[in-house]
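A.B. asks: sequence first, then the predicted structure, then my questions.
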Amino acid sequence: MPKIDLKKELKHLYNPSKKEVTVVGVPPMNFLMIDGQGDPNTASAYKDAIETLYTVSYTAKFMVKKGETGIDYAVMPLEGLWWAEDMSQFSTDNKDAWLWTSMIMQPEYVTAELIAAAKEQADKKKDLPALSKLRFETYNEGRAAQIMHIGPFSEEGLAIERIHHLIAEQGAERRGKHHEIYLSDPRRTAPEKLKTVIRQPFQ
């Protein structure tokens with residue numbers, strides 16, 4: 001059985017245009033999620049969250065592959081929701097005030113029961129400080145505007161402005177949280193080649 005790549009099946013959500021902002025309807029999807037606070041570049045909580053999300057996601061993947069269905073799928077990319085209690089403080093100058101939810105989407109054949117077993121198995125193999133914070137939850141984002149940003153995270157400003165401009169042009173209002181999907185591994189990719197989907201839900 002060929003490996004399933006949901007990024008390709010959901011191309012409109014995970015590979016948007018880099019030239020123009022597009023509007024999408026994001027269906028409810030299941031995620032592994034961990035909430036936290038602080039600068040993602042320095043906060044140990046963020047590093048712990050990422051390690052836990054990937055460890056449990058890969059454990060679940062191999063459990064599905066070894067199970068009755070034998071389905072083999074690619075683990076989805078890391079995603080992040082970002083905000084601050086006081087949005088006027090949400091700036092690159094004060095990253096310590098950032099609040100975030102780090103998450104990885106799970107295929108429909110990954111159940112809550114499977115995740116519970118995967119957490120148990122992962123806990124036996126590895127010390128995961130953020131494991132107790134991990135939850136399996138449906139996220140219903142709905143209508144959103146998005147664009148593909150190519151380049152360093154520090155240069156996302158123009159792309160975000162373009163998204164906000166399109167939403168305002170439609171006479172709509174932003175709602176929910178700033179959403180990013182990280183398609184590149186920053187440890188292995190030059191900053192100018194990083195691919196990040198930037199998304200903002202609106203109503």
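C.D. replies: Received the coordinates, thanks. Owing to the predicted nature of the structure, the values given are computational and were not obtained by experimental measurement. Numbers count the residues shown, from 1 in each chain.

A.B. asks: could you use CA atoms for every contact and neighbour count after this?
C.D. replies: Noted.

A.B. asks: gap between stretch 4-24 and the chain center?
C.D. replies: Distance, stretch centre to chain centre, for stretch 4-24: 14 Å (C-alpha atoms, centre = their mean, to the nearest Å).

A.B. asks: can I get that stretch in PDB, CA atoms only?
C.D. replies: What follows is stretch 4-24, C-alpha atoms only, in PDB (Å, rounded to 0.1, in the frame of the first residue of the first chain):
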ATOM      1  CA  ILE A   4      -0.600   8.500   2.100                       C
ATOM      2  CA  ASP A   5       0.400  12.100   2.000                       C
ATOM      3  CA  LEU A   6      -2.400  14.300   3.300                       C
ATOM      4  CA  LYS A   7      -0.600  17.500   2.400                       C
ATOM      5  CA  LYS A   8      -1.100  16.500  -1.200                       C
ATOM      6  CA  GLU A   9      -4.700  15.500  -0.700                       C
ATOM      7  CA  LEU A  10      -5.300  18.800   1.100                       C
ATOM      8  CA  LYS A  11      -3.200  20.800  -1.300                       C
ATOM      9  CA  HIS A  12      -5.600  23.800  -1.100                       C
ATOM     10  CA  LEU A  13      -4.900  24.100   2.600                       C
ATOM     11  CA  TYR A  14      -1.200  23.100   2.800                       C
ATOM     12  CA  ASN A  15       0.200  24.500  -0.500                       C
ATOM     13  CA  PRO A  16      -1.400  27.800  -1.200                       C
ATOM     14  CA  SER A  17      -0.300  30.400  -3.800                       C
ATOM     15  CA  LYS A  18       2.800  32.400  -2.800                       C
ATOM     16  CA  LYS A  19       1.700  35.200  -5.200                       C
ATOM     17  CA  GLU A  20      -1.800  36.000  -4.000                       C
ATOM     18  CA  VAL A  21      -3.900  35.700  -0.900                       C
ATOM     19  CA  THR A  22      -6.600  33.000  -1.300                       C
ATOM     20  CA  VAL A  23      -9.800  32.300   0.800                       C
ATOM     21  CA  VAL A  24     -10.400  28.800   1.900                       C
END
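
A.B. asks: now the residue minimising distance to the centre of the chain: closest residue in space that isn't a chain neighbour?
C.D. replies: Centroid-nearest residue in the chain: E79, 1.1 Å away (criterion: C-alpha atoms, centre = their mean). Leaving aside its sequence neighbours, E79 sits nearest to I181 (C-alpha to C-alpha, 6 or more residues apart in numbering; 4.3 Å).
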